[in-house]
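sequence plus predicted model, see below.
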Amino acid sequence: MSDAFRELLKKVGSGVHTGKDLSREEAADATRMMLLQEATPAQIGAFMIAHRIKRPTSEELAGMLDAYDQLGPKLQPWGMGNGQESSTTPSFSQPVTVFGTPYDGRSRTAPVTPLTALILAAAGVPVLMHGGDCMPTKYGVPLVEIWQGLGVDFSKLRLFQVQQLLETTGLGFIYLPQHFPQAHQLVPYRDQLGKRPPAATLELVWCPYAGNAHIIAGYVHPPTEDRFRHTFEFRGTTNFTLVKGLEGSCDLPRDRTAIIAVSQPDSSSNFERILLHPRDYGFAGSEVPLDSTSQLLAQMRDVLDGKSSDLMLAAIWNGGFYLWRCGICPDLPTGLAKAQALFLGGNAAQKLQEVSDAIASMQLVTSA
């Protein structure tokens, strides 16, 4: 048992009247002790549920992210992944866009995040995603499973290979079981507790990239946006996009107004709220239901083949927005037109094949 952890547990678990928030340093210490298993399982479970009931503050989230920075994987702006020699690949001209989506996946609406990632990468915006396998509490379809169904398996790559893949194709994925086992070993607690712990909130704004990054995070509850913005202030993060997205993801809805907060470092509030009405751009419609993973994959392949569908409209709506937000296009209408052209012209499909071929080549070298 850790006496030091017990003291932190007493602070967050003492109830409404006597409980206290942790400082940034204390939150980092608590997270490190859980990741390193210095705290006992009983202590870890108690801390997770007590912290969830109390709700983590922005300062605590900043401290938790500090611990993730210290112990977790971090891709580099130059080819220095996992002790490998520096590559000749120059730094990216665009910030690396990091998508933060719920690790427990989607269960009601069809995700388009992989299609958005392909569009951005095809347009020259490097994209980094992160997540694990099918996970409590939703047990929805995870991103890594969708990518595998599209012929891209990130799960077996070593960290330096993810670094190389990001540099050469503009697309990468940090896979929790392989690249951050300390965090992965805490996943069973989610099932045992039956509730998402604060780490599920932390993961949405985690950035496993050490260079110039643009953090995009989804959320469900409006107070989360405010909490994230203040967390970014503690951390000095000045390039972010926060989306009240489908099932807490980064996917913009089509059946309602999209509520988005974008960073504005030069303004007094450091952010601007954007309200996008899909009907104003001809993209209003019902969300595509997620009936099965196999059907979703078939629908995604149709989009990559340039076939018209409701999922194609959702993919263009999202791809167009992010092309605009990432600075590729000067306005949203131009972004929407470019996204459509990239799908219909086969550029997104070509990017998928490029990533698949690159991974296959890496696996051949590893097995040789």
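In hand now; what should we look at? Residues are numbered from 1 along each chain as shown.

so how far is A42 from the residue nearest to P56 when sequence neighbours are not counted?
Using C-beta to C-beta, 6 or more residues apart in numbering and skipping residues adjacent in sequence, the residue nearest P56 is P198, 4.4 Å away. C-betas here are computed from N, CA, C, even on glycine. Separation of P198 from A42 (C-beta to C-beta, to the nearest Å): 18 Å.

where does the stretch 1-150 of the chain have low pLDDT?
Within the stretch 1-150 of the chain, the stretches with pLDDT under 70 are 17, 78-91.

so which elements touch the longest helix along the chain?
In the chain, taking DSSP state H as the definition, the longest helix is helix 347-367. With contacts taken as 3 or more C-beta pairs under 8 Å, 6 or more residues apart in numbering; DSSP states H and E, helix 347-367 sits against helix 113-122, helix 159-169, helix 293-304.

most tightly surrounded among those helices?
Mean neighbours per residue, mean count of other C-beta atoms under 10 Å, is largest over the helices and strands packed on helix 347-367 for helix 113-122, with a mean of 27.

and that helix with helix 347-367, angle?
Relative orientation of helix 113-122 versus helix 347-367 (axes from the mean of the first three to the mean of the last three C-alpha atoms, to 10 degrees): 90 degrees.

quick one: contacts of helix 113-122?
With contacts defined as C-beta atoms under 8 Å, 6 or more residues apart in numbering, helix 113-122 is touched by 97, 99, 101, 126-127, 129, 143, 146-147, 150, 169-171, 249-251, 300, 303-304, 315, 318-319, 322-323, 326, 328, 339, 342-343, 347-348, 350-352, 355.

CA atoms only for it, dumped as CSV, please.
C-alpha atoms of helix 113-122 as CSV (Å, rounded to 0.1, in the frame of the first residue of the first chain):
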residue,chain,number,x,y,z
THR,A,113,-13.2,10.3,-38.2
PRO,A,114,-11.1,7.9,-40.3
LEU,A,115,-12.4,9.4,-43.5
THR,A,116,-11.7,12.9,-42.2
ALA,A,117,-8.1,11.8,-41.3
LEU,A,118,-7.6,10.5,-44.9
ILE,A,119,-8.9,13.7,-46.4
LEU,A,120,-6.6,15.8,-44.2
ALA,A,121,-3.5,13.6,-44.8
ALA,A,122,-4.2,13.7,-48.6
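
and the angle from the helix or strand following it to helix 159-169?
Where DSSP states H and E defines the elements, the next helix or strand beyond helix 113-122 is strand 127-131. Here the directions of strand 127-131 and helix 159-169 differ by 150 degrees (the same axes, to 10 degrees).

neighbouring strands for strand 127-131, and are they parallel or not?
Paired strands of strand 127-131, with direction, are strand 96-100 (parallel), strand 171-175 (parallel) (DSSP bridges).

could you count how many residues lie near M34?
The local packing of M34 (other C-beta atoms under 10 Å) involves 25 other residues.

wouldn't it be in contact with G45 here?
No - between M34 and G45 there is no contact under C-beta atoms under 8 Å: 10.1 Å.

can you put the strands paired with strand 127-131 in JSON lines and add distance to A30 and mean neighbour count?
Listed next are the strands paired with strand 127-131 as JSON lines, based on distance: least, C-beta to C-beta, whole Å; neighbours: other C-beta atoms under 10 Å:
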{"stretch": "strand 96-100", "distance to A30": "21", "mean neighbour count": "26"}
{"stretch": "strand 171-175", "distance to A30": "23", "mean neighbour count": "27"}
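
using TSV, lay out those strands together with distance to L296.
Output for these, formatted as TSV (distance: least, C-beta to C-beta, whole Å):
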stretch	distance to L296
strand 96-100	18
strand 171-175	18
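
so for S269, which of these sits nearest?
Nearest of the strands paired with strand 127-131 to S269, taken as C-beta to C-beta: strand 96-100 at 21.7 Å.

may I have that closest one exported as PDB, CA atoms only?
Only the C-alpha atoms of strand 96-100 are listed here, as PDB (Å, rounded to 0.1, in the frame of the first residue of the first chain):
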ATOM      1  CA  VAL A  96       0.100  17.700 -36.500                       C
ATOM      2  CA  THR A  97      -3.600  17.500 -36.000                       C
ATOM      3  CA  VAL A  98      -4.300  15.200 -33.000                       C
ATOM      4  CA  PHE A  99      -7.900  13.800 -32.800                       C
ATOM      5  CA  GLY A 100      -9.200  13.000 -29.300                       C
END
